[in-house]
Structure formats: C-alpha cells, structure tokens
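Visitor: build me a structure from this.
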Amino acid sequence: MSGTPLSQASAFVEGLLQALRNNSASCQSEASVIAYNMEIKEVVSMTSLTSIQFNSLNLECAGPKNLGLALSLVNKSQEENKVIFIITKGKPSDVQLYNEQARLCKTANNNIVVLHGNIEKSGDAYNNLTDKILPWENVNLQEIVKSIFGGNEIASADGRAYLQDLPKVIDIQI
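Guide: This is a model prediction of the structure:
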C-alpha cells in the first residue's frame, strides 16, 4: 500500500486512536501499531493511548502483505483481551502462515475488526479471521469503538473521558 491508499489508512489509524481516546471505556487502554509488508515493524510498542503521537509515525507498507507474520507477533503477546484492528486494501500474501495465525487469534477469542479499502475485490480473504469486515467508505470509527468497548463519549471537566470498564489491549495493524 502506498500513495493515496496509505494516506487513507493512516487517516483511519489517526481517527481510530482519537475515537479510542474519546471513549469512556477504552480511553485508558494500551495500544501498539504494527506496519506489515515483506517484514513487520512495530512502529509503536504497547503503550498508553494518550502517549501515542500518530502524526509523527513514518509508515511504509508497500510490497507483499505478510499479515500472517504480523498476526504471529500479536499472538506471541501475553496480553489478554485483545482488540485487533487491521487496516488494509488487499489480501494476505503469506496465506499458509496467515491461516494458522488467524485460527490462533480466533481461538484466543480476540475481538478483530478489518477495515478494508477494496472489500469487493479481496475482503472475503478475511472471513476465516472475523465477521467484522467493513469497507472504508462511510465507516464511523466512534460507533465501531462503542460497539466493541461500550462506554460513552462523555468528557470530564478537564476534557478527559471517564474510565468505566477495565482497560483492554489494542493492536492496530496497517
């Protein structure tokens, strides 16, 4: 992914991070951001949502889409109760590893959402991973976050959202 699609994906990540920060049930969560192509790169290691400055991230996502390799990194994490967002425009290149790692992700009962920029062409490649495969067009990130975490977009007097539920771990993959 490069050019306009990468810019769109980056905007989704930035919007997703903002929606997570603004939600009362997810605002105290931790997140990591993993870019994947021929290699995987954890561009943000697991850290508090409030610490991530996404506009300073340098993402390069051209080449093969080795999502299986990226999911293997997520599956190695000892964190529980993960929510995984995958932002893509294609389908996995490392099909065998992807299928193995997708099965492990589902077995671990992770909550997985795929935001897809070309869902008509290759969105069905994610059916074995999740039933939450959404097109980029008209996606409402606040509603997606609320459907997963619950909570509200209620801010305290200092502008921060109240924490109502236990934090969850969030992995965002581009």
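
Visitor: which residues touch Ile86?
Guide: Contacts for Ile86 (Cβ atoms under 8 Å, 6 or more residues apart in numbering) come out as 67, 112-115, 126, 129, 173. (Each C-beta comes from the backbone N, C-alpha and C, glycine too.)

Visitor: bridging residues for it?
Guide: Val114, Gln173 (DSSP bridges).

Visitor: against Lys76, how distant is it?
Guide: Using Cβ to Cβ, to the nearest Å, we find Ile86 at a distance of 17 Å from Lys76.

Visitor: longest helix of the chain?
Guide: helix 3-22 (DSSP state H).

Visitor: hang on, Leu67 packs against Pro92?
Guide: Yes. In this structure, Leu67 is within contact of Pro92 by Cβ atoms under 8 Å, at 4.0 Å.

Visitor: avg pLDDT for stretch 139-151?
Guide: For stretch 139-151, the mean per-residue pLDDT is 84.

Visitor: run the chain-centre distance for that stretch.
Guide: For stretch 139-151, the separation from the chain centroid amounts to 13 Å (computed by Cα atoms, centre = their mean, to the nearest Å).

Visitor: from Gly68, how far off is Val43?
Guide: The value you get for Val43 to Gly68, if Cβ to Cβ is used, is 19 Å.

Visitor: how about the longest helix of the chain: buried residues?
Guide: 5-6, 9-10, 12-13, 16-17, 19-22 (16 or more other Cβ atoms under 10 Å).

Visitor: which residue is the nearest non-sequential neighbour of Met38?
Guide: In space, and not counting its chain neighbours, Met38 is closest to Gly63: 4.6 Å by Cβ to Cβ, 6 or more residues apart in numbering.

Visitor: ranking the contacts of Ile86 by neighbours, who comes first?
Guide: Leu67 (29 neighbours; other Cβ atoms under 10 Å).

Visitor: how near is it to Val145?
Guide: 22 Å.

Visitor: separation between the residue positioned nearest the centre of the chain and Gln96?
Guide: Centrality entry for the chain: nearest residue to the mean C-alpha point is Phe85, 2.2 Å, by Cα atoms, centre = their mean. Using Cβ to Cβ, Phe85 is found at 23 Å from Gln96.

Visitor: since that was my last question, I'll sign off now.
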